[in-house]
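> sequence and computational prediction follow.
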Amino acid sequence: MAAPTSQVPHHQSLSVKAVAESCIQSSVPSKYLFVNDINGSPSDSIPIIDFSLLTSTNLHHRSKALQELDKACVEWGFFVLVNHGIPETAMKSLIDGSLEFFELADEEKQRYEPKSVLDPIMSGNGSMPNSESHKILAWRDFLKISVHPTFYCPEKPETLREVLRDYSERVRNVFRELVEAVSENLELEQGYMDDVLKLDACFQRFVANYYPPCPQPDQVMGTPPHVDYGLFTLLIHNGLPGLQIQHNGDWFKPDHSPPNSLIVNIGRHLEIYSNGRYKGIKHRAVVNNHSPRISIIIVNGAAPDAIVGPAAPLVERDGRALYRPMKFIESVEAMLT
Ligand SMILES: O=C(O)CCC(=O)C(=O)O
Ligand SMILES: [Fe+2]
């Protein structure tokens, strides 16, 4: 039987999944309450980019796709990527493997309780350091894993290791093609961005978010508004709506993206590198009252030791640098703390 909210034992590490299970049909503990308008509008103008055209040998197709990509990056900082070549099975296996992790006993997950923001494996809940809303406990559990240049993985579930390795490598390949395309759009020499940012050793971090159903979905926040660090974040989910992105001050829901598409958003480091031509986009996730939602992101950045500042040719063109260069991993740490 569901325990009343007041009897939920206070434990720093109690997963939100466990909290949710204890307050079904009841109200959520006050530390999760978030006075907020969680509504977003659907939009049929969210850009869709066809990866197969972006990488096509047909120059006409490629150049048209490059223009669309540039427009999406300037106007939205966000787009839906189709025909990216990552098999549906690879995505599905990773979502299933992540779900298995969240279903482990809290004691097992607590082995990875965060001690510092860049721990290679972290499992936690509630607060989200990379947000404006430090004080609110988010209605989600998370698993964060560094997967490149060094690959880590929790011991359990055993199914996770290989699917995670496979998926992160596939995402890395898509990411590097996106970088090449952006590099061309920024009129940088071929391979320039790749060299400067040392992308052979690019930093990749996997984050799985588990949002349990919530009896009061309009009173909590799954993931508070934030901008991701890194160059590009690639996101997939288990088919349930929740993600919202900010565009011209309003919140939009990319709920009708084609099946198996990747949702891509620009992170803070692409904003820095492009000297502000492209902006890191603010987004958030809301929750529902009926089914668990899982989202999986891979944040893709520069090599940990690469210095990320505005690209030198852009600074020359623009006449000034709008951002200060910094070692990638140090700036990530600063952004997350
Ligand atoms: O759950 C989502 O759709 C968004 C998650 C997110 O933005 C993040 O983990 O950085
Ligand atoms: Fe995010």
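Structure's in. What do you need? Ligands and ions are numbered 1, 2, ... in the order given.
> switch to C-alpha atoms for all contacts and neighbour counts from now on
Will do.
> now the strands for the stretch 51-200 of the chain?
78-82, 121-126, 138-148 (DSSP state E, counting those that start in this stretch).
> rank the ones you listed by pLDDT, which is bottom?
Here the lowest mean pLDDT among those goes to strand 121-126, at a mean of 88.
> residue contacts, Tyr278?
Cys73, Val74, Gly77, Ile266, Leu270, Glu271 (C-alpha atoms under 8 Å, 6 or more residues apart in numbering).
> I'd like the strands of the stretch 51-200 of the chain as TSV, with mean neighbour count and distance to ligand 1 appended.
What follows is those, written out as TSV (neighbours: other C-alpha atoms under 10 Å; distance: least, C-alpha to the nearest ligand atom, whole Å):
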stretch	mean neighbour count	distance to ligand 1
strand 78-82	23	12
strand 121-126	24	12
strand 138-148	25	8
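> lowest confidence element among the helices and strands of the chain?
strand 41-42 (a mean of 78; mean pLDDT, DSSP states H and E).
> the very next helix or strand once past it packs against which elements?
Toward the C-terminal end, the helix or strand that comes next after strand 41-42 (DSSP states H and E) is strand 48-50. Here strand 48-50 touches helix 59-75, strand 78-82, going by 3 or more C-alpha pairs under 8 Å, 6 or more residues apart in numbering; DSSP states H and E.
> can you do 7 Å?
Applying 3 or more C-alpha pairs under 7 Å, 6 or more residues apart in numbering; DSSP states H and E, one finds that strand 48-50 contacts strand 78-82.
> what angle separates the strand it packs on from helix 59-75?
For strand 78-82 against helix 59-75, the angle by axes from the mean of the first three to the mean of the last three C-alpha atoms, to 10 degrees is 150 degrees.
> rewinding a little: now, the most widely separated pair of the contacts of Tyr278?
Farthest pair in these (C-alpha to C-alpha) is Val74 and Leu270. Separation: 11.5 Å.
> quick one: which of those two has more around it?
Neighbours were tallied for Val74 and for Leu270 using other C-alpha atoms under 10 Å; the higher tally belongs to Leu270 (26 against 15).
> enumerate every residue touching the more buried one.
Listed by C-alpha atoms under 7 Å, 6 or more residues apart in numbering, the contact set of Leu270 reads Gly230, Leu231, Tyr278.
> run the last query once more with 6 Å
For Leu270, the contact set (C-alpha atoms under 6 Å, 6 or more residues apart in numbering) comprises Leu231.
> partners of the residue lying closest to His283 once chain neighbours are set aside in the sheet?
Distances taken as C-alpha to C-alpha, 6 or more residues apart in numbering place Ile245 nearest to His283, at 4.2 Å, with adjacent residues excluded. Residues in a beta bridge with Ile245, per DSSP bridges, are Phe252, His283.
> measure how buried Ile245 is and give me the count.
Neighbours around Ile245, by other C-alpha under 10 Å: 23.
> might one say that it is in contact with Trp251?
Yes: look at Ile245 against Trp251 with C-alpha atoms under 6 Å: they come within range, at 5.4 Å.
> which residue packs closest to the closest residue to ligand 1 within the chain, ignoring adjacent ones?
Among all residues of the chain, Leu243 sits closest to ligand 1, at 4.0 Å; criterion: C-alpha to the nearest ligand atom. Spatial nearest neighbour of Leu243, chain neighbours left out: Ala285 (4.4 Å); criterion: C-alpha to C-alpha, 6+ apart.
> and what about Ile236, helix, strand or coil?
strand (DSSP: H, G, I helix; E, B strand; the rest coil).
> the residue nearest to it when sequence neighbours are not counted sits in which helix or strand?
Nearest residue to Ile236 in three dimensions, chain neighbours excluded: Ile296, at 5.3 Å (C-alpha to C-alpha, 6+ apart). Assessed by DSSP H and E, Ile296 sits inside strand 293-300.
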